[in-house]
Each structure stands twice: as structure tokens, then as C-alpha cells.
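Visitor: Provide a 3D model corresponding to the input given below.
(2 chains)
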Amino acid sequence: KQEVTQIPAALSVPEGENLVLNCSFTDSAIYNLQWFRQDPGKGLTSLLLIQSSQREQTSGRLNASLDKSSGRSTLYIAASQPGDSATYLCAVNTGTASKLTFGTGTRLQVTL
Amino acid sequence: GAVVSQHPSWVICKSGTSVKIECRSLDFQATTMFWYRQFPKQSLMLMATSNEGSKATYEQGVEKDKFLINHASLTLSTLTVTSAHPEDSSFYICSASSRGRQETQYFGPGTRLLVL
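Guide: Next up, the predicted model:
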């Protein structure tokens, strides 16, 4: 059974800092991995999707990497802003009926 | 494109009543829809997967007689929480994928259910 863990569970940084969020998964036989953002009481916003054959994806200040063999992914946020404050979730798609297994999430707070 | 809506966005009901939540794909045909539940400060847990025109497949531990899922058309799936109890209070989120892009799920905004 696939298990997805995110470290740290919570993070508070001052504005302008670069930061890294970590995601690890137990079964490396994945189809793809996705990073989402969730604001309090809201649904999910997809940030980046990395196919199993890719090593990284970039969108603006965000960069996600994938090391499938070691079961790890990182989300790098450059020059953090207060508007980045949210919970970040990673999810792996094992390809079985396209089911997503979500991580435990990292609650990020960027302070002024 | 690829917008998924949910209705209602929040609902409060009395214990013992049934609540229906709708999930619609607005601009694409959703061959597969997924229903998730999220308790406070926890991650999303998949409840069931439904394909248009067929019975839903429930995850282990999810009561199919309590959480009725109907996916009667390519743009609409419904989740009915039958005889709701306070422990069913949660945030319910649906997602949808299309035949041509099954690896991508588009998420709805969620429905917050509070059972008194």
C-alpha cells in the first residue's frame, strides 16, 4: 500500500526566503506526482505535475523535482511571499485507475 | 477550461437526515469522478471512484450503503450521505478526469458538511 509523507508538517518563514518542502513515498512504481496548494476551507489548486519519466518541472517561482528510485520529491519556492501561505499537498498517482494518494501536507506561513 | 463545480458549498443538517452533494464538470466530459473526504487538519482520503454508467468502486472501510454515489451522466456525479451523523461532518471534495487525460484530475471547490 502506497504511503506518502510530507516533512515538515508546518513551516513559518519570513518573506523573501527560499524554502523547500519534502515529500516521500513508499512505492516507487508511480505514474506521476503532483503538488497542490490548498487555502483554508477551500479546494485544491494544482501547481505542478511531474511524470514518472521526468526529473523536474518549473512554474514561475516554483520548482518541483522527482527522484523516483529513492521515493522522494521536493517543492522549491523561491523568494517566498505572504500570498504563498497555504497548505501544500503532494499526491502520487500509481496508475491503478488513476487513483491519487495524498501526503499529510505542509502548512506554510510566510510572515512580513 | 477543465472546471469542476460542487453544490452546495456548505450544508448544515440534523442528525438522521440525508444530504446530497453534486459534482459537475462544466466544460469537459468526465468519464471518471472521484470523491474524497478531508477531516480538519488531515489530508484527503479517497472514498470512491465512479465511472459513468457503472457502479462506484469504494475504498476499504467506506460504507457503500451510507455513501451513495451516482454517476449517471458524463458531467454529473452525486454523493448522498444517508442518515448522517455528527461523525460524518467533514469536507467533501470531488475530482474528475476525462477519457483523453485520465492521469489528470480536476478538483472541485469542496463541500463542507456539518451534522448537528
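
Visitor: pLDDT weak spots in the chain?
Guide: Since no chain was named, I'll use chain A. Where chain A drops to pLDDT under 70, the residues are A:96-97.

Visitor: Chain B was what I was after
Guide: B:1, B:101-102.

Visitor: For the residue most central in space within it, list the residues it contacts.
Guide: By C-alpha atoms, centre = their mean, chain B has its centre lying nearest to B:Trp35, at 3.6 Å. B:Trp35 makes contact with B:Cys23, B:Leu46, B:Met47, B:Ala48, B:Ser50, B:Phe67, B:Ile69, B:Ser77, B:Leu79, B:Tyr92, B:Ile93, B:Cys94 under the criterion C-beta atoms under 8 Å, 6 or more residues apart in numbering or on different chains. Quick note: C-beta positions are derived from backbone N, CA and C, even for glycine.

Visitor: Those residues in helices, which ones?
Guide: Counting by DSSP state H, no part of the contacts of B:Trp35 is found in helices.

Visitor: Highest neighbour count among those?
Guide: B:Cys94 (31 neighbours; other C-beta atoms under 10 Å in any protein chain shown).

Visitor: hang on, the earlier thing: what strand or helix carries the residue nearest to the centre of chain B?
Guide: Assigned by DSSP states H and E, B:Trp35 belongs to strand B:32-38.

Visitor: Partner strands of that strand and their direction?
Guide: As defined by DSSP bridges, the strand partners of strand B:32-38 come to strand B:45-51 (antiparallel), strand B:90-98 (antiparallel).

Visitor: returning to what we had before: which of the contacts of B:Trp35 lies closest to B:Phe39?
Guide: Nearest to B:Phe39 among the contacts of B:Trp35: B:Tyr92, at 10.8 Å, using C-beta to C-beta.

Visitor: interface residues of chain A facing chain B?
Guide: A:31-32, A:36, A:41-44, A:46, A:49, A:89, A:91, A:93, A:95, A:97-105 (C-beta under 8 Å from any C-beta of the partner chain).

Visitor: Mark which of those are buried, thanks.
Guide: A:31-32, A:36, A:43-44, A:49, A:89, A:91, A:93, A:98-105 (16 or more other C-beta atoms under 10 Å in any protein chain shown).

Visitor: Just the element for A:Ser65, please.
Guide: Counting by DSSP H and E, A:Ser65 is part of strand A:62-67.

Visitor: The helix or strand following that strand packs against which elements?
Guide: Where DSSP H and E defines the elements, the next helix or strand beyond strand A:62-67 is strand A:72-77. Identification of packing neighbours for strand A:72-77 by 3 or more C-beta pairs under 8 Å, 6 or more residues apart in numbering or on different chains; DSSP states H and E yields strand A:19-25, strand A:32-38, strand A:44-51, strand A:62-67, strand A:86-93.
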